[in-house]
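Participant: Here's my sequence, what's the structure:
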Amino acid sequence: MKTNSLSSSFLSFLSKSPLVASIFFLFFFSCSSDKMTDKEKEDESSIEWESTQIPTDSVSLVHATQFRSYVYPNFRTLEVYDKNKNLQQRYLLYKGETKPKTNFEYDVALQIPLKRIVSRSTKYATFISLLENVDNLVGFVGSQYVSDEQIRKGLDAGKIKEVGNDDGSGVNFEGLLSLEPDAIFTYDASLYGGTSDTQQKMKELGLPMIICNETLESSPLAQAEWIKFFGILFEKEEKATEIFNQVKSNYDSLKNLTGNLKETQKPTLFFNAWYNETWFMPNGDSYVAQFAKDAGAIYLWNDLEGTGASPLAIESVYEKAQQADYWFHASDWKNMNQLISSDRRFVSFKSVKNKKIFNHNKRQLKSGGNDYFESGVAFPNKILEDFIKILHPELIKNKELYFYENLK
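Facilitator: Numbers count the residues shown, from 1 in each chain. Sure, this is the predicted structure:
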């Protein structure tokens, strides 16, 4: 009772003396702020140092340019760049249960190694499988298109859940939430002429997304090097580097086979077919065009600038393409009759007359999935081997085509 009486009297005194009260509270809180715990002091010191330090570039990249990773005192970052090489997404990566305090700007914080993951594309399936992380895969968008045997077994056993499709039926957002993923590997829909509605919805629901821009890389080996991106997130960087180095070694050995060919020994070729009255032709710096160059061919539209593809008028393509020696990726036509029936003008094409048309659908599933767009991303050496076998059969003998087949 005596203590309460003293407290009441003191508070009454302060209420009648504003100046004294101000001095008291200023003194009281300044004293309190000095009593920081050792951990708080350490956190504050770390934050102050972050703003002045030079981070360590933590990943050694040979070809890839669309991502980087940097190391800071108590976390690391993983950065993904857009088509103009500007920062698009930054991920803060940390170990342990507690996310570090930091004034560093980032989009998503991720605890590594990732334990529960979802893939929105088959393009990431082989990377996940090669790094032996299929057991961490809890969900897949469009799983019917997957070729990887380990992932198919997981789907059949119910260990990996189907969470919708991107083919019109839509992503199952409720299913995604129920899986409680650490991360969802996705793509930038705008790069394929789509919208980012799905990504916006995921963001609103608080689902952690990782955008992969491997498709923006300008060479097959640059795309394959994205296995290091996954290696960082799974903490298997050494294994990722080992796998990539082997792929690069095989690719470079194949490329050397055509290195001394004269221009007169190089056949001409072009890609794709018209769609909705437009012919989307790969640009000269695209990874598809790179396959043609490395395989010892002359790509007739090599002067198109940039990566990706350019929409061309059908008439302008016909004029040049009809004299090409080879035609690659001729739409979804199953045979020569279908091709000619679609446009009688194809009869005059040199490649049609000589039956030199090749599609990358030898490993296509009945569901429509195609392993060319799955394991072909991780193993471009297998694609290049097919190219050389087709264009220069004398250089690679006694070897069957892996991804390609001749349109009959």
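Participant: Please enumerate the helices of the stretch 1-150 of the chain.
Facilitator: Taking DSSP state H, counting those that start in this stretch as the criterion, the stretch 1-150 of the chain contains helices spanning 2-16, 18-33, 38-50, 125-130, 149-156.
Participant: tell me which element the residue nearest to Tyr251 when sequence neighbours are not counted falls in.
Facilitator: The shortest distance from Tyr251 to any residue other than its chain neighbours is 4.2 Å, reached at Asn381 (C-beta to C-beta, 6 or more residues apart in numbering). Where you see a C-beta, it was placed from the backbone N, CA and C, and this is true even at glycine. Here Asn381 sits within helix 380-391, counting by DSSP states H and E.
Participant: so what strands line up beside the helix or strand just after that helix?
Facilitator: Remark: after helix 380-391, the chain's next helix or strand is strand 405-406, criterion DSSP H and E. Partner strands for strand 405-406, per DSSP bridges, with pairing direction: strand 357-359 (antiparallel).
Participant: same question for the partner strand, mean pLDDT?
Facilitator: When the per-residue pLDDT values of strand 357-359 are averaged, the result is 97.
Participant: quick one: it to chain centroid distance?
Facilitator: In terms of C-alpha atoms, centre = their mean, to the nearest Å, the gap separating the centre of strand 357-359 from the centre of its chain is 27 Å.
Participant: Over to stretch 138-155?
Facilitator: Stretch 138-155 has its C-alpha centroid displaced from the chain centroid by 18 Å (C-alpha atoms, centre = their mean).
Participant: and if you look at stretch 159-177?
Facilitator: Between the mean C-alpha position of stretch 159-177 and that of its chain there is a distance of 19 Å (C-alpha atoms, centre = their mean).
Participant: what comes up buried for it?
Facilitator: Residues Ile160, Lys161, Val163, Gly164, Asn165, Asp166, Val171, Asn172, Phe173, Leu176 are the ones in stretch 159-177 that count as buried (16 or more other C-beta atoms under 10 Å).
Participant: Just put those residues in CSV and tack on secondary structure, distance to Glu217 and pLDDT.
Facilitator: Listed next are the buried residues of stretch 159-177 as CSV, based on DSSP: H, G, I helix; E, B strand; the rest coil; distance: C-beta to C-beta, whole Å; pLDDT from 0 to 100:
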residue, secondary structure, distance to Glu217, pLDDT
Ile160, coil, 27, 98
Lys161, strand, 30, 97
Val163, coil, 27, 96
Gly164, strand, 28, 93
Asn165, coil, 26, 89
Asp166, coil, 22, 77
Val171, strand, 26, 91
Asn172, coil, 30, 94
Phe173, helix, 30, 94
Leu176, helix, 28, 96
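Participant: now, the most widely separated pair of those residues?
Facilitator: Across the buried residues of stretch 159-177, no pair lies farther apart than Ile160 and Phe173, at 17.6 Å, counting by C-beta to C-beta.
Participant: ok, back up a step: wait, the residue nearest to Tyr251 sits on Leu254?
Facilitator: Yes. Here Asn381 reaches Leu254: they are 6.1 Å apart, a contact under C-beta atoms under 8 Å.
Participant: Many thanks, I have nothing further to ask.
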